[in-house]
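> the amino acid sequence is not available; the structure is as follows:
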């Protein structure tokens, strides 16, 4: 039975990673400029602004944010698990279980949150696209 639960965890982790890796992209208001250039040109302009932002602002810190979230979750889980372990009589096992469980949830939460671009990176892209004539109404 333990092997089945590990397989489920591996499968769900892969699913979460696959669905959460795509970075959000700007959504445009359908103004006259967007109507003139069309969706294909707009997509190329988005890609160009993303590339310029990476070069000028630097790679957005999604990996760092995910790592920090996971480490924080593991530390909180270890402390909580140790407290529970002290009551039940097995501090080491409680700390390890808590660190693993809460660390994994921190990783998953961090992966979903990682889709949001860094605020400075996002602001650069919005300025870049605004200078071209687009009006951004949100991010998806």
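Arrived safely. Since the model is a prediction, treat every value here as computed from it, not as a measurement.
> run through the chain and note the low-pLDDT ranges.
Scanning the chain for pLDDT under 70 picks out 1-22, 59-115.
> give me that answer again for 80
In the predicted model of the chain, residues 1-22, 58-117 satisfy pLDDT under 80.
> residue 31 - nearest residue in space that isn't next to it in sequence?
residue 135 (5.2 Å; CB to CB, 6 or more residues apart in numbering). Every residue, glycine included, has its C-beta placed from N, CA and C.
> okay, and residue 55 sits in which element?
Counting by DSSP states H and E, the element that carries residue 55 is helix 32-56.
> and that helix, what does it pack onto?
strand 26-28, helix 119-132 (3 or more CB pairs under 8 Å, 6 or more residues apart in numbering; DSSP states H and E).
> how about these in CSV, adding distance to residue 53 and mean neighbour count?
Listed next are those as CSV, based on distance: least, CB to CB, whole Å; neighbours: other CB atoms under 10 Å:
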stretch, distance to residue 53, mean neighbour count
strand 26-28, 11, 17
helix 119-132, 4, 16
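> show residues contacting the helix holding residue 55.
Here helix 32-56 makes contact (CB atoms under 8 Å, 6 or more residues apart in numbering) with 25-26, 28, 60, 121, 124-125, 128-129, 132-135.
> give the buried residues for that helix.
Neighbour counts over helix 32-56 (16 or more other CB atoms under 10 Å) mark 34, 42, 45, 46, 49, 50, 53 as buried.
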